[in-house]
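Trainee: sequence first, then the predicted structure:
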Amino acid sequence: MNNLEFKTYAITNEIDLNKIAVECGIKKKYTWEEPLILQDAVLGKIIGESPGEDEKVLVFSFGSIVFVNSNQKHTEILMKYLKSIKPEIDIEHYDTFKDDYNLHFTEGEEMEFTDSYVQIPDKELFYAELISIIIAKSVALERIEHQLVKILDNIEGKIDNLEKGKLNIGNKELAKTTSRIVRHEYNTIAYIMILDKPDITWTNSEAAHFYEKMSEFFELNDRYEVIKSKTEILKSIVDGLGAISHSMRGLFMEWIVVILIVVEVVLMVLDLFK
């Protein structure tokens, strides 16, 4: 195994790995914890030619795709193939959330992490797998962070209306906003599985050390905690908006009742004068 080049894209929230496996004739049931690896003859069948040296594609259930030693042509063919299975994938903008990384083997040198590559002294196979998992999670987090910003912008508009005394949020709109926050939280915790470690890290101390070091370098846990905190704040804000909205409706109904009582009294007085 030579030096490896990784290109990663976060293209959707969820990918059904078992559906792809059936399409590719792979007789295996996949869980969220493991990626679907396309290589050799299976990958060649998709791209229409023999894969390059050490070329493979890892598809993750949380919507990230990692291309190892792939060229642009093969990447675009694979994206079109995935869209035929999951039509909602936007292949026109598949590279909106992406990252590039490299693995360099340098015998006798110490392990070194940089923004563009990691240097390792030996050619253990688990390095490539763990790098793929880390950068797949990192790019998926970037996509989630972008979605969080959009939710925050939407909430900010409602807060502006509140400051102007114009808040009037219907139950349907509140439910929609809440569902977006819950979906965002579910995508972050359930699909990306930031806190879960690959199986090999439980049996191989060297793999565990590398995974922890690289996770720390990409700040996966810190970014996850920031997203989690912001999500909790969003939920609190929505709860507050809901409480205020319901109070305003209650106050409005009270005024309606008072007005009806006044009208009834006026009508009674008019009847007396008649």
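Mentor: Looks like it arrived, so ask away.
Trainee: what about whichever helix or strand Ile144 is part of, average pLDDT?
Mentor: In this structure, Ile144 is located in helix 126-163 according to DSSP states H and E. For helix 126-163, the mean pLDDT works out to 81.
Trainee: quick one: list the elements packing against it.
Mentor: strand 4-10, strand 64-68, strand 98-105, strand 117-120, helix 171-186, helix 200-203, helix 205-217, helix 220-273 (3 or more C-beta pairs under 8 Å, 6 or more residues apart in numbering; DSSP states H and E). Every residue, glycine included, has its C-beta placed from N, CA and C.
Trainee: return the most buried member of those.
Mentor: Counting by mean count of other C-beta atoms under 10 Å, strand 64-68 has the highest mean neighbour count of those, with a mean of 27.
Trainee: partner strands of that one, parallel or antiparallel?
Mentor: Partners of strand 64-68 in the sheet, by DSSP bridges, are strand 4-10 (antiparallel), strand 56-59 (antiparallel).
Trainee: let me know which of those strands is the nearest to Ala140.
Mentor: Proximity to Ala140, assessed across the strands paired with strand 64-68 by C-beta to C-beta, is greatest for strand 4-10 (4.7 Å).
Trainee: how far off centre is that closest one?
Mentor: The chain centre lies 17 Å from the centre of strand 4-10; the measure is C-alpha atoms, centre = their mean, to the nearest Å.
Trainee: how about stretch 218-226?
Mentor: Mean-position distance between stretch 218-226 and its chain equals 13 Å (C-alpha atoms, centre = their mean).
Trainee: out of the helices and strands packed on helix 126-163, which is closest to Glu49?
Mentor: strand 64-68 (15.3 Å).
Trainee: after the closest one, next one along is what?
Mentor: According to DSSP H and E, the helix or strand after strand 64-68 is helix 72-85.
Trainee: elements contacting that next one?
Mentor: The elements that helix 72-85 packs onto, with contact taken as 3+ C-beta pairs under 8 Å, 6+ apart, are helix 17-23, helix 40-47, strand 64-68.
Trainee: quick one: the shortest one to helix 72-85, angle?
Mentor: This means strand 64-68. For strand 64-68 against helix 72-85, the angle between stretch directions is 150 degrees (axes from the mean of the first three to the mean of the last three C-alpha atoms, to 10 degrees).
Trainee: can you check the second one too?
Mentor: Put simply, helix 40-47 runs at 80 degrees to helix 72-85, going by the same axes, to 10 degrees.
Trainee: helices and strands around helix 40-47, which ones?
Mentor: With contacts taken as 3+ C-beta pairs under 8 Å, 6+ apart, helix 40-47 sits against helix 72-85.
Trainee: for the helix it packs on, buried residues please.
Mentor: 74-75, 77-79, 81-83 (16 or more other C-beta atoms under 10 Å).
Trainee: and what of stretch 111-130?
Mentor: Buried residues in stretch 111-130, counting neighbours by 16+ other C-beta under 10 Å, are found at 117-120, 124, 127-130.
Trainee: for the protein, name the helix or strand with the lowest mean pLDDT.
Mentor: helix 171-186 (a mean of 64; mean pLDDT, DSSP states H and E).
Trainee: quick check, Lys86 in contact with Thr12.
Mentor: Yes: contact criterion C-beta atoms under 8 Å: Lys86 and Thr12 qualify, at 6.6 Å.
Trainee: shaky segments in the chain?
Mentor: Within the chain, the ranges that satisfy pLDDT under 70 run 1, 156-192, 195, 239-254, 274.
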